[in-house]
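*Asks:* give me coordinates for this.
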Amino acid sequence: IPTETSFFRDADFFDALKSSVFPELLQHRRIDRQLNIWSAACTSGQEPYSLAMELQAYFPLLTKWELELVASDMSLEMLTKARRGFYSQEEVERRLPPELLTRYFHQQGDRWQIAPSIRSMVQFRTINLLAPWPPLPPMDLVVMRNVLIYFDKPTRRNILTRVRQILKPDGYLFLGVTETPFGADRAFESVKFDRAIGYRLRPEVPQTLSNTPS
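*Replies:* As a prediction, this is how the structure comes out:
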């Protein structure tokens, strides 16, 4: 499993979330006011913290919503770093917009720590994608980028089948730019967002919002 990551990695993906995906989901969930997101294989936490910063900075109405942002990895070392929220100068200079660095980070010596308001938005959990998954809520957005390329086709199919079981009918799955579910699972259809591509379940796919390991 990769450990390469950075804040706001792949600007096209985060632009798609900001301009299209989040506004659509917020419109669809305006009655329940609940949003569930899963950042899988999050390594040292830059991806889920980027999601949290984007939501807080550009969608302030979420402060009145119930937000569950789950971030998982199988490495206890990575999760420990992620929970502490300390990053080096090099890490915060790489792709992180300067205005978000100023707004959401506090400098401590030669390191920067993410503000408590952002850290508190993320639930870090130990999940091995190859093992049985713990119970997860029905997800509006699953972010599983640059993970499937490391597995063979049967393993990819197994993981995608389990993603289907927790993805809401109008929810989105995002993979890495070089990844696609189609070689392993035809239950998904692609959705183009300017320069990014997301995936959602085809309408004819039966919905099973259980989390039975396969």
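
*Asks:* how about low-confidence regions in the protein?
*Replies:* Applying pLDDT under 70 to the chain flags residues 1-4, 205-214.

*Asks:* show me the helices in it, by range?
*Replies:* Taking DSSP state H to define them, one finds helices in the chain at 11-16, 22-28, 46-58, 76-84, 89-93, 98-104, 116-119, 153-166.

*Asks:* looking at those helices, which is buried most?
*Replies:* Across those, the average number of neighbours (mean count of other Cβ atoms under 10 Å) peaks for helix 46-58, which reaches a mean of 23. Glycine gets a C-beta too; all of them are placed from N, C-alpha and C.

*Asks:* what's the distance between the residue nearest to T178 when sequence neighbours are not counted and V177?
*Replies:* In this structure, T178 finds its nearest non-sequential neighbour in I149, 6.4 Å apart by Cβ to Cβ, 6 or more residues apart in numbering. For I149, the distance to V177 (Cβ to Cβ, to the nearest Å) stands at 10 Å.

*Asks:* try Q113
*Replies:* Taking Cβ to Cβ as the measure, Q113 falls 30 Å from V177.

*Asks:* what's the answer for E77, then?
*Replies:* Distance from E77 to V177, counting by Cβ to Cβ: 27 Å.

*Asks:* please apply the same query to P134.
*Replies:* From P134 to V177 the distance is 29 Å (Cβ to Cβ).

*Asks:* hey, what's the residue nearest to the spatial centre of the chain bridged with?
*Replies:* Nearest to the mean C-alpha position of the chain, counting by Cα atoms, centre = their mean, stands S39 at 2.9 Å. Counting by DSSP bridges, S39 is bridged to A71, V143.
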